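> Predicted coordinates and the sequence they were generated for:
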Amino acid sequence: MPDSPLPHPQGSVSWLDTMAAAPDELLAFYQPLLGWSGEAAPDDPNRYAIQEVSGGKAVAAVGALPPGAPESPWTGYFAVDDADATAARMADLGGAVVTEPADVGPLGRFALGADPGGAPFGLWQAGQFPGFQVFGEPGSLFWLELLTTEGKASAAFYGALLGAEVQELAELPGTYWTLHVDGQPRAGIFRVDATPANQWRPYFQVADVDASVAAAVAAGARATDPPMDSPFGRMAGLIDPSGREFRLATPPA
């Protein structure tokens, strides 16, 4: 994923979080695996813990679910200049607003939506907090990819909603599309024939995919795709101890 200036430009991926029934247990898995650090403020009822690498650069967050709520997948947020105006267009484009736009103090304004296939995603209108503060380092987001049975429809939805350019991958016609902002690929949309749930999944960058997969499995994760080389680097797929799908990646030398 290319680096980008702050605040992140309209339509680019700008943040990633998840809410968990046991956030401390989830952090106990991801922090040693990805080199994250960060705790929620003692007075925060949502226990929203921003995770950092490289001496204080924000890369993701883990928060607490209300009692009895089901585990949520990793949720990607897209940068928008106007969260209210963008959310107001969701229904006309085939999606739905799940959480109406709301302020997060002076940090920014957010909304949650669902795309035509039901996959959850977020919008982030930056205030004092831009979102990701680093790409291209271990522990940071390497790529964000939608797994969906509604491939072309979902690609068209995000392109229209975010003002991003949609490009079909020539090597996988009718199967894979990328969202481009400022001429750079920012996220992928992968059409699959079947999936337990249409959802976005993150690729986290690590220094050594093979060693990280072994560490993740030892910590309770389940490997779904063994490490393998690709034109984009070495990658592997896993499901964390709470059921979230994620992937690990090391860029090509």
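Sure, I can see it.
> what sits up against stretch 117-124?
14-15, 17, 72-73, 75-80, 83, 86-87, 98, 101, 108-115, 131, 146, 148-150, 153-154, 197-200 (CB atoms under 8 Å, 6 or more residues apart in numbering). C-beta here means a position set from N, CA and C on the backbone, and glycine is covered the same way.
> what's the helix or strand for Trp15?
strand 13-20 (DSSP states H and E).
> contacting residues around that strand?
1, 7-8, 26, 48, 59-65, 69, 71-79, 122, 124, 126, 130-132, 141, 144, 186-187, 202, 242, 244.
> Give me the subset of those residues lying in strands.
59-64, 75-79, 122, 124, 126, 141, 144, 186-187, 202 (DSSP state E).
> coming back round to it: kindly supply the ChimeraX command isolating those of the contacts of stretch 117-124 that are buried.
Selection of buried members from these for ChimeraX, criterion 16 or more other CB atoms under 10 Å:
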select :14,15,17,72,73,75,76,77,78,79,80,83,86,87,101,108,109,110,111,112,113,114,115,131,146,148,149,150,153,154,198,199,200
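> Inside helices: which ones of the contacts of stretch 117-124?
Ala83, Thr86, Ala87, Ala153, Ser154 (DSSP state H).
> just to revisit the earlier point, buried by neighbour count, from the contacts of strand 13-20: which ones?
1, 7-8, 26, 48, 59-65, 72-79, 122, 124, 126, 130-132, 141, 144, 186-187, 202, 242, 244.
> before we move on, back to that, in its sheet, which strands sit next to the strand holding Trp15, and in what direction?
Strand pairing for strand 13-20, determined by DSSP bridges: strand 57-64 (parallel), strand 75-79 (antiparallel).
> contacting residues for the nearest residue to Gly139 once chain neighbours are set aside?
Once flanking residues are discounted, Gly139 sits nearest to Val53: 3.8 Å by CB to CB, 6 or more residues apart in numbering. When contacts are counted by CB under 8 Å, 6+ apart, Val53 is found next to Leu34, Gly35, Trp36, Ser37, Val59, Val134, Glu137, Pro138, Gly139, Ser140.
> what about the stretch 1-150 of the chain, any weak spots by pLDDT?
1-5 (pLDDT under 70).
> ok, what's across the strand from Phe125?
You called it Phe, but residue 125 is Gln. The partner residues for Gln125, given DSSP bridges, come to Arg109.
> so how far is Val80 from it?
5 Å (CB to CB, to the nearest Å).
> Could you chop the chain up by domain?
13-126, 141-250 (automatic domain parsing).
> So what's the gap between the shortest one and the chain middle?
This means domain 141-250. 9 Å (CA atoms, centre = their mean, to the nearest Å).
> for that domain, how far is the first residue from the last?
This stretch, domain 141-250, spans 11 Å end to end (CA to CA, to the nearest Å).
> going forward can the numbers begin at 410, since that is how I track them
All right, first residue 410 from here; so that's domain 550-659.
> so which of the strands paired with strand 422-429 comes closest to Ala500?
strand 484-488 (17.1 Å; CB to CB).
> Just the CA atoms of the closest one, as CSV, please.
Below are the C-alpha coordinates for strand 484-488, written out as CSV (Å, rounded to 0.1, in the frame of the first residue of the first chain):
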residue,chain,number,x,y,z
THR,A,484,-13.2,-2.8,9.8
GLY,A,485,-11.5,-0.5,7.3
TYR,A,486,-12.3,3.2,7.2
PHE,A,487,-12.1,5.3,4.1
ALA,A,488,-11.0,9.0,4.3
